[in-house]
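A.B. asks: how would this look folded up:
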Amino acid sequence: MPERFYSFWQHLEGRNLRLIACYCRVSSRKQKTDSQKAELKRWLRANGIKSKGVTWFEDKETGKTLKRPAFDQLQKSIFDGKTKTIVVWKLDRISRRLQDGINLLAQWCKAGVRVVSVTQQIDLTGPVGRMMASVMFGLAEIELEYRRERQAAGISVAKKRGVYKGRQKGTTIAKPKRARDLQRQGLTAPEIANALSISERTVFRYLATG
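C.D. replies: Below you'll find the predicted structure:
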């Protein structure tokens, strides 16, 4: 364990661990936070922190907006002084937007809040932490935009070939079924992957379950 992490958690011994909050987020209600929770709990155990003594916040909302129920509760907890450390699986769980992420960190740092990103192994505190966060949030935003462009490009190619009919209004189709529908329309595996923003391996897995 890095020395700065060790000294910080050693400093917290005997204090109210409710000051520590774990935040998880997925983009839709069909997704689960299980893998994120497992990583966070593993990190807590490695640092001698019992997860039952930590406040957990979980959202199933897009990261493109800060208007999320659990996130609002987390913000209130910070404002009330009940949360001094936020542990996340990855920074983009907090926000997918560069400006929103930087503004949040500025507010949190001003309030004396520490942010730990487990999988990225970074401790966001002080000027260096804010600089690192700016880079990470920037990459997250670029990734989001690239995914949109890739999806649009895949659909555009399919439309030119006359094999893309689009999604019917008023319906929500699960990706496996959607992948099979696109295959029946004549799209290739790479085109389906682009249209659904998934890997070709995932496409083949979806098609195999049909």
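A.B. asks: ok, for the residue sitting nearest the centre point of the chain, nearest residue in space, not its chain neighbours?
C.D. replies: With distances taken as Cα atoms, centre = their mean, Arg93 lies nearest the centre of the chain, 3.0 Å away. The shortest distance from Arg93 to any non-neighbouring residue, by Cβ to Cβ, 6 or more residues apart in numbering, is to Arg25 (4.5 Å). Backbone N, C-alpha and C define where each C-beta goes, glycine included.
A.B. asks: Specify the beta-bridge partners of that neighbour.
C.D. replies: Asp59 (DSSP bridges).
A.B. asks: In this structure it contacts Trp56, no?
C.D. replies: No - contact criterion Cβ atoms under 8 Å: Arg25 and Trp56 do not qualify, at 11.8 Å.
A.B. asks: And those two? Which one has more around it.
C.D. replies: Counted by other Cβ atoms under 10 Å, Arg25 and Trp56 do not tie: Arg25 has more neighbours, with 25 against 17.
A.B. asks: mind listing what that one touches?
C.D. replies: 33, 36, 58-61, 63, 68, 70-71, 93-94 (Cβ atoms under 8 Å, 6 or more residues apart in numbering).
A.B. asks: tell me how far stretch 49-66 is from the chain's mean position?
C.D. replies: Chain-centre distance of stretch 49-66: 11 Å, with Cα atoms, centre = their mean, to the nearest Å.
A.B. asks: Ignore what I typed, I meant stretch 108-127.
C.D. replies: Distance, centroid of stretch 108-127 to centroid of chain: 16 Å (Cα atoms, centre = their mean).
A.B. asks: Render the CA-only coordinates of it in CSV, please.
C.D. replies: The C-alpha atoms that make up stretch 108-127 are tabulated as CSV, following Å, rounded to 0.1, in the frame of the first residue of the first chain:
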residue,chain,number,x,y,z
TRP,A,108,-14.8,19.2,-2.6
CYS,A,109,-11.2,20.2,-2.1
LYS,A,110,-12.3,23.5,-0.7
ALA,A,111,-14.5,21.6,1.8
GLY,A,112,-11.5,19.4,2.8
VAL,A,113,-12.8,16.3,1.0
ARG,A,114,-10.4,13.6,-0.2
VAL,A,115,-11.2,11.5,-3.3
VAL,A,116,-9.7,8.1,-4.0
SER,A,117,-10.0,6.3,-7.3
VAL,A,118,-9.4,2.6,-6.7
THR,A,119,-8.7,1.2,-10.1
GLN,A,120,-6.7,4.2,-11.2
GLN,A,121,-4.8,4.1,-8.0
ILE,A,122,-4.8,7.8,-7.5
ASP,A,123,-5.4,10.0,-4.5
LEU,A,124,-7.0,13.3,-5.5
THR,A,125,-6.0,15.9,-2.9
GLY,A,126,-4.2,19.1,-3.2
PRO,A,127,-2.9,20.9,-6.4
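A.B. asks: picking that back up, let me know the pLDDT of the residue nearest to Arg93.
C.D. replies: Looking at Arg25, its pLDDT is 94.
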